[in-house]
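Student: please find the sequence and the predicted model below.
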Amino acid sequence: MTRLVSTLSLLLFLSLLAAPAAADHHKKKGFTNLVQGNTLKGWWGQGTKNPVSYLSLPADKLAEMKKKSLDNIKQHWKVEDGVVINDGKGLYLTTDKNYGDFEFLIDYKTVAKADSGIYLRGVPQVQIWDYTKEGGKWKIGADKGSGGLWNNSKGAPGKDPLVLADKPFGQWNRFRIVMTGSHVTIWLNDKLVVDHAVLENYFDRKGGLPAKGPIQLQTHGGEISWRNILIREIGKEESANILRAGGAAKFFGKKSSADANPSNDEGYTTIFNGKDFAGWKGPTQNYEVTAEGTLKCKKGKGGTIYTVDTFDDFSVRFEFKLPPGGNNGLAIRYPGSGDTAYAGMCELQVLDNTAKKYAKLDPRQYHGSVYGQWPAKRGHLKKPGEWNQQEVTVKGHHIKVTLNGTVILDKDISTIKEFMAKPEKFKGRLRTSGHFGFAGHSDPVEFRNVRIKRLK
């Protein structure tokens, strides 16, 4: 009897060792299992194709495309005991549902010389490949391991994983991927391999990522198995906190939400204290400090208020909230007088793009645009009444604008040749120094957590 009990105990122990290593994922709150039973319901097939091209299709046309793809999926994909297996051929397994910000968990196991990946919002890719010398791809970065954003530009953050974290062939690997805006943080086998890097849009390098898109599991010449495929959609407040903290690794590593206070950003200095206009000049009487500690333009008032200090190259981070139809602007390298859109380096628009009264504006007048000079990508503003996060980096004549984690403008304005008005009107656009400020246009737009860092 004792021997039988010992044998049963040993079998139980061995069965636990053989159980899926990521089974604990299923207990995580808020996660949805993307594979139910032994079916691929909720998935269709697509290749490497700009998601905008099919997401913009009429509903009936998209449904027809999805239905036609299923024959190919059935030929090359199957599910056995909750494990999704691909033979190395065919279309990529693609979620029916499109996702914006999310936390994605997945295990995979592949074979020697295989090459695969995970597309986020339909954009390639989180790389999976043979990291050994025998795999034959060390010349293109395989020696650094899997998990990098391989389609990013050479030398760009995230292209190469921070550490080699792959397990030997035959063993399961586990990814944890957090995406907020255009920023991606990736852990492979519990090791941080990508830390809050921007995923470049393979299909449109200058256009930024789509706000939503599918998850795709790429097949690329070698058998690959997947299991424990789980996703949790990240809400607006959590997404904002992750961005404010400087990425998912920092956010989830904090002991409390207070540790993610934006004033803790390394190298950034708060320039609006939430109490009064100390450190600011201009028509401050046209603005107010609210009971919540925000800076707000008074309704029917305006003008440009600006910092006492001047800045050459800098990065500024802040949050803003637009009322319906709200209009304001950022004064960049403002000389202290005149219209910053023309006398300063520029005015970066702060605008409710959804307002009907703005439906027919010049593209160079919408939110994030260099007013009258260069348009920003639209589609990443939150609804009026909700707080947005923005970062603006100014180096020389180059301006980069990141809105809610997505790059919406990245331009050297000295190269612009066509303007909304006569070029000579933009007298200050090549300024290399000036004040930072807010250019009010009679609407109660609010700002908070305004902090700046000198870059030289």
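Tutor: Structure received. Residues are numbered from 1 along each chain as shown.
Student: could you point out the helix or strand that follows the worst-scoring helix or strand of the chain on mean pLDDT?
Tutor: Every helix and strand in the chain was compared by mean pLDDT, DSSP states H and E; the lowest is helix 2-18, with a mean of 42. Following helix 2-18 in sequence order, the next helix or strand is strand 32-33 (DSSP states H and E).
Student: just checking: what are the partner strands of that following strand?
Tutor: Strand 32-33 has its sheet partners listed here by DSSP bridges as strand 224-233 (antiparallel).
Student: pull the residues that contact the strand it pairs with.
Tutor: Residues outside strand 224-233 that contact it (CB atoms under 8 Å, 6 or more residues apart in numbering) are 20, 22-23, 25-26, 28, 30-35, 82-86, 88, 99-111, 114, 116, 128, 172, 174, 215, 217. The C-beta positions use only the backbone N, C-alpha and C, and glycine is treated the same way.
Student: now the most centrally placed residue in the chain: phi and psi?
Tutor: Centroid check for the chain by CA atoms, centre = their mean gives Ser182 as the closest residue, at 1.9 Å. Backbone dihedrals for Ser182, given as degrees, to the nearest 10, come out at phi -90, psi 0.
Student: what separation is there between it and Lys275?
Tutor: 34 Å (CB to CB, to the nearest Å).
Student: OK, contacts around Gln36?
Tutor: Gly42.
Student: got the phi/psi numbers for it?
Tutor: phi -110, psi 120.
Student: returning to that earlier point: list the contacts for the residue nearest to the centre of the chain?
Tutor: Ser182 touches Val198, Leu199, Gly208, Leu209, Thr402, Gly405, Thr406, Val407, counting by CB under 8 Å, 6+ apart.
Student: Val407 too?
Tutor: Contacts for Val407 (CB under 8 Å, 6+ apart) come out as Ser182, Val198, Gly208, Lys377, Lys400, Val401.
Student: among those, which ones are in strands?
Tutor: Of those, the ones assigned to strands by DSSP state E are Val198, Lys400, Val401.
Student: closest one of the residues you listed to Ala249?
Tutor: For these, the closest approach to Ala249 (CB to CB) belongs to Val198, at 14.9 Å.
Student: correct me, but that closest one touches Asn151?
Tutor: No: assessed by CB atoms under 8 Å, Val198 is found out of contact with Asn151, at 12.0 Å.
Student: output the below-cut-off pLDDT ranges for the chain.
Tutor: Applying pLDDT under 70 to the chain flags the ranges 1-28, 136, 254-265.
Student: SS state for Tyr54?
Tutor: With DSSP: H, G, I helix; E, B strand; the rest coil as the basis, Tyr54 sits in helix.
Student: tell me how many other residues crowd it.
Tutor: Tyr54 has 17 neighbours, counted by other CB atoms under 10 Å.
Student: what does the one 4 residues further on give?
Tutor: By other CB under 10 Å, the residues close to Pro58 number 8.
Student: phi first, then psi, for it.
Tutor: The phi and psi values for Pro58, taken as degrees, to the nearest 10, are phi -60, psi 150.
Student: measure it to Glu64 for me?
Tutor: 10 Å.
Student: now do the helices in this protein.
Tutor: All helices of the chain, identified by DSSP state H, fall at 2-18, 51-55, 59-76, 236-245, 248-253, 340-343.
Student: of the ones you listed, which is nearest Leu40?
Tutor: Set against Leu40 and scored by CB to CB, those come closest in helix 59-76, at 6.5 Å.
Student: flag every buried residue along the closest one.
Tutor: Lys66, Ser69, Asn72, Ile73, His76 (16 or more other CB atoms under 10 Å).
Student: now the contacts of Val407: which count as buried?
Tutor: Among these, those buried by neighbour count (16+ other CB under 10 Å) are Ser182, Val198, Gly208, Lys377, Val401.
Student: from the residues you listed, pick the one nearest Tyr334.
Tutor: Closest to Tyr334 out of these is Val401 (16.9 Å), distances taken as CB to CB.
Student: what sits against the closest one?
Tutor: Taking CB under 8 Å, 6+ apart, we find Val401 in contact with Leu348, Gly368, Ala376, Gln390, Glu391, Val392, Val407, Ile408, Leu409, Asp410.
Student: can you check Phe318 too?
Tutor: Taking CB under 8 Å, 6+ apart, we find Phe318 in contact with Gln389, Gln390, Phe447, Arg448, Asn449, Val450, Arg451.
Student: including distance to Glu237, could the contacts of Ser182 go into JSON lines?
Tutor: Shown next, in JSON lines, are those (distance: CB to CB, whole Å):
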{"residue": "Val198", "distance to Glu237": "22"}
{"residue": "Leu199", "distance to Glu237": "22"}
{"residue": "Gly208", "distance to Glu237": "23"}
{"residue": "Leu209", "distance to Glu237": "21"}
{"residue": "Thr402", "distance to Glu237": "19"}
{"residue": "Gly405", "distance to Glu237": "14"}
{"residue": "Thr406", "distance to Glu237": "17"}
{"residue": "Val407", "distance to Glu237": "22"}
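Student: farthest pair within these?
Tutor: Farthest pair in the contacts of Ser182, by CB to CB: Leu199 and Thr402, 12.8 Å.
Student: count of neighbours near Thr290?
Tutor: By other CB under 10 Å, 12 other residues sit near Thr290.
Student: I figured it hits Lys275, correct?
Tutor: No: between Thr290 and Lys275 there is no contact under CB under 8 Å: 10.8 Å.
Student: what bridges to the closest residue in space to Thr270 that isn't next to it in sequence?
Tutor: Nearest non-adjacent residue to Thr270, counting by CB to CB, 6 or more residues apart in numbering: Arg451, 4.8 Å away. Judged by DSSP bridges, the bridge partners of Arg451 are Thr270, Arg317.
Student: how close does Arg451 get to Ile271?
Tutor: Distance, Arg451 to Ile271, by CB to CB: 6 Å.
Student: now do the same contact list for Ser239.
Tutor: With CB under 8 Å, 6+ apart, Ser239 has these contacts: Asp101, Thr180, Gly181, Asn404, Gly405.
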